[in-house]
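A.B. asks: my questions are about this predicted structure, shown below with the sequence.
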Amino acid sequence: MIGSEVRKDETYKRNEAFHRAALQALETKARNVMLGGGADAAAKHRKKGKMTARERIERLIDPKSRFLEIGLFTAYGMYEEYGGAPSAGTVLGIGTIAGRDTVIVANDATVKAGAWFPLTAKKNLRAQEIAIENRLPIVYLVDSAGVFLPMQSEIFPDKEHFGRIFRNNAVMSAMGITQIAAIMGPCVAGGAYLPIMSDEAMIVDGTGSVFLAGSHLVKAAIGEETDNESLGGAFVHCEISGVTDHRMADDAAALKKIRSIIGKLGMPPTAGFNFERPVPPAFDPKELYGILPAERTKPYDTYQLLARLIDGSELDEYKAGYGKTIICGYARIGGWAVGIVANQRGVTRTSKGEMQVGGVIYSDSADKAARFILNCNQKRIPLVFLQDVTGFMVGTRSEHGGIIKDGAKMVNAVANSVVPKFTVITGNSYGAGNYAMCGKAYDPRLIVGWPSAQIAVMGGKQASETLLAIKVQAMEKGGAHISPEQQQQLLNEIQARYDSELDPTYAAARLWIDGIIDPLATRTVLARGIAMANCNPHIPELRTGVLQV
């Protein structure tokens, strides 16, 4: 067993107060985002006989089950010139329907009538990616005015834009991934293809409509006088065109029909990941708040975090005496067997007595981690990365020792890993350390951050001082004289801007991470993710590129 009791001294209490305050601030932001377009917009929506996006999801999923939301903070603080777009006007997550994990995407029509912003497209593509990787059925609850025209150039033609979604519809259907769409509001132009390219589509009478061009555009284009219901309402598409499969009386009936269809799906084989009855950690997870320092530069013992995250606080450590700035080992989380790769933030010493800085990846730790990752692939054990990394070690000694070679070996192993990977950013996520520890670019099935997470090329202090030096040098070349006071003012301005980009909501807004979670939810989120991943029985053969040894 790893871990030990912690002293609840003044430092512990200060840490705990800091992290609880950060979590409380985050929860306040989350509640505001969940309001979507606001109470007035929701009231107008209900007057039309429609449920809101979140009400639809709550009615759709199994009673007392938990909805794992993805991308709550998408577009947070963005598109302000257009009034903002909370959650990019779309609610996305994993819900249990008739006992089966299902990806659910619901347009929030209280936000700009459900119009698609650039990040709305990115979020929908993320939903399809999750369904594809884990072979999960997907449900689209469609209620959208289509592309947000003022930003059409940023959403329309590129590979990761709007059209990719319909391409994915076709590919997913060919893969046997069930797609069900409910047209619960307008569904216009290119957006009309999403529900109709699903395997089964239903439309709500009186509120749902689907057409390539609305009545105003039809009149402008061909001079025909008509209305939207006559163009593409439920009667038209269920009894005349045959475009949709089911005509539903209201939202509730449509949601009941979806539950019925999902409940009859055949059960596919699983990946067979090892699972046993879950056991809680031997130490209180609430102590995570007091263990993690309020000052991110302070060292701490990562074993103490792990002891409050893994089942029974039991870790079968791999190469415990070697490469100590990365902890590797086999454990269980929520009953699932996992391979842990975690940055050790405590100060460690090599067998020769040399001190190594916590959170930095040295050659020996990169070498160890690469080998461990390949071992987990061979054993079909999912990988969990706990990131609090400032990067790879620099300097002549490290360069002469081949840090680039060993770092490349670790990155190669992460990139070619075929078992599911999950990433939790507990603190720093800087530079190439983000890559080596399975950042977003390395296809984790889920990637989440704690409120203490920061993602950047480097820390705020180093970045600000570097940017200041460049700016001062440019100004002095132009003949300006910069006093120490002016330099300090410039530094403060640069640091303020850089620090705003280090806030975890900045990363979550851009979908660099799937969400920001309470540290106490870590076990639940990871266990849910692994259970999802177990639904895909197809694990490719492990093949790696050239590994320099």
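C.D. replies: All right, it came through fine.

A.B. asks: tally of neighbours for the nearest residue to His538 once chain neighbours are set aside?
C.D. replies: Among residues not flanking His538 along the chain, Arg135 sits closest, at 7.5 Å (CB to CB, 6 or more residues apart in numbering). Where you see a C-beta, it was placed from the backbone N, CA and C, and this is true even at glycine. By the measure other CB atoms under 10 Å, the count of residues near Arg135 is 22.

A.B. asks: state the pLDDT value of Arg135.
C.D. replies: Note for Arg135: predicted pLDDT of 97.

A.B. asks: contacting residues for it?
C.D. replies: By CB atoms under 8 Å, 6 or more residues apart in numbering, the residues touching Arg135 are 175-177, 268, 535-538.

A.B. asks: now do the phi/psi pair for it.
C.D. replies: With angles defined as degrees, to the nearest 10, Arg135 sits at phi 50, psi 50.

A.B. asks: between the contacts of Arg135, which has the most around it?
C.D. replies: Tallying neighbours with other CB under 10 Å puts Ile177 at the head of these, with 21 neighbours.

A.B. asks: on that earlier part again, filter the contacts of Arg135 down to the ones in helices?
C.D. replies: Assigned to helices by DSSP state H, the following of those qualify: Met175.

A.B. asks: pLDDT check: weakest of the contacts of Arg135?
C.D. replies: Among the contacts of Arg135, Pro268 has the weakest pLDDT, 87.

A.B. asks: thought it was touching Cys535?
C.D. replies: Yes - look at Pro268 against Cys535 with CB atoms under 8 Å: they come within range, at 6.9 Å.

A.B. asks: out of the contacts of Arg135, which one sits closest to Asn15?
C.D. replies: Relative to Asn15, the closest of these is Cys535; by CB to CB it sits at 38.2 Å.

A.B. asks: surely that closest one meets Leu136?
C.D. replies: Yes - counting by CB under 8 Å, Leu136 is a contact partner of Cys535 at 5.9 Å.

A.B. asks: which residues are in contact with both of these two?
C.D. replies: Listed as contacting both Cys535 and Leu136 by CB under 8 Å, 6+ apart are Asp101.

A.B. asks: tell me who's in contact with Ala145.
C.D. replies: So Ala145 contacts 109, 112-115, 186, 188 (CB under 8 Å, 6+ apart).

A.B. asks: nearest to His481, of those residues?
C.D. replies: Nearest to His481 among those is Lys112, at 50.0 Å by CB to CB.

A.B. asks: contact partners for that closest one?
C.D. replies: Contacts of Lys112 (CB under 8 Å, 6+ apart): 37, 82-83, 85, 89, 145, 148.

A.B. asks: related to what we said a few turns ago, ok, so of the contacts of Arg135, who is nearest Trp336?
C.D. replies: Using CB to CB, Cys535 comes nearest to Trp336 of the contacts of Arg135, at 13.0 Å.

A.B. asks: what distance separates the helix or strand of the chain with the lowest mean pLDDT from the centre of its chain?
C.D. replies: Counting by mean pLDDT, DSSP states H and E, the weakest-scoring helix or strand in the chain turns out to be helix 460-477, with a mean of 73. Centroid separation for helix 460-477 versus its chain: 33 Å, with CA atoms, centre = their mean, to the nearest Å.

A.B. asks: longest helix of this protein?
C.D. replies: Longest helix in the chain by number of residues (criterion: DSSP H): helix 10-34.

A.B. asks: elements contacting that one?
C.D. replies: The contact analysis (3 or more CB pairs under 8 Å, 6 or more residues apart in numbering; DSSP states H and E) places helix 10-34 against helix 288-291.

A.B. asks: could you point out which element follows the helix it packs on?
C.D. replies: Reading on from helix 288-291 to the C-terminus, the next helix or strand found by DSSP states H and E is helix 302-306.

A.B. asks: contacts for that next one, please.
C.D. replies: 2-4, 6, 283, 287-288, 291-292, 313, 315, 327, 331, 340, 342-346, 386, 388, 426.

A.B. asks: then stretch 279-297?
C.D. replies: 1, 3, 5-6, 8, 12-16, 18-20, 299-301, 304-305, 307-313, 332, 335, 426-428, 450, 452, 454, 519-520, 523.

A.B. asks: Thr390: what's it in contact with?
C.D. replies: Counting by CB under 8 Å, 6+ apart, Thr390 makes contact with 359-360, 428, 430-431, 433, 459.

A.B. asks: can you redo those residues as TSV with distance to Leu72?
C.D. replies: Listed next are the contacts of Thr390 as TSV, based on distance: CB to CB, whole Å:
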residue	distance to Leu72
Gly359	28
Val360	32
Asn428	23
Tyr430	24
Gly431	27
Gly433	26
Gly459	26
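
A.B. asks: possible to save the residues you listed as a markdown table with pLDDT?
C.D. replies: Listed next are the contacts of Thr390 as a markdown table, based on pLDDT from 0 to 100:
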| residue | pLDDT |
| --- | --- |
| Gly359 | 89 |
| Val360 | 93 |
| Asn428 | 94 |
| Tyr430 | 93 |
| Gly431 | 89 |
| Gly433 | 94 |
| Gly459 | 69 |
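
A.B. asks: go through those and say which is closest to Glu160.
C.D. replies: Nearest to Glu160 among these, with distances taken as CB to CB, is Gly431, at 24.5 Å.

A.B. asks: and the closest residue to the closest one other than its chain neighbours, its phi and psi?
C.D. replies: Excluding the flanking residues, the one nearest Gly431 by CB to CB, 6+ apart is Gly391, at 3.9 Å. Per-residue torsions, Gly391: phi 130, psi -170 (degrees, to the nearest 10).

A.B. asks: correct me, but Gly391 touches Tyr430?
C.D. replies: Yes - shown here, Gly391 and Tyr430 form a contact pair, counting by CB under 8 Å, at 5.2 Å.

A.B. asks: just for the stretch 301-450 of the chain, where's the confidence low?
C.D. replies: The model of the stretch 301-450 of the chain has no residue with pLDDT under 70.

A.B. asks: where do the strands sit along it?
C.D. replies: 316-317, 326-333, 336-343, 348-349, 355-356, 360-361, 383-389, 391-392, 421-430, 446-449 (DSSP state E, counting those that start in this stretch).

A.B. asks: any idea of the mean pLDDT for stretch 485-492?
C.D. replies: Averaged over stretch 485-492, pLDDT sits at 78.

A.B. asks: centroid-wise, who is the farthest residue in the protein?
C.D. replies: Here the chain reaches farthest from its C-alpha mean at Gly479, the gap being 47.6 Å by CA atoms, centre = their mean.

A.B. asks: ok, that one to Gly401 distance?
C.D. replies: Remark: distance between Gly479 and Gly401 (CB to CB, to the nearest Å) = 45 Å.
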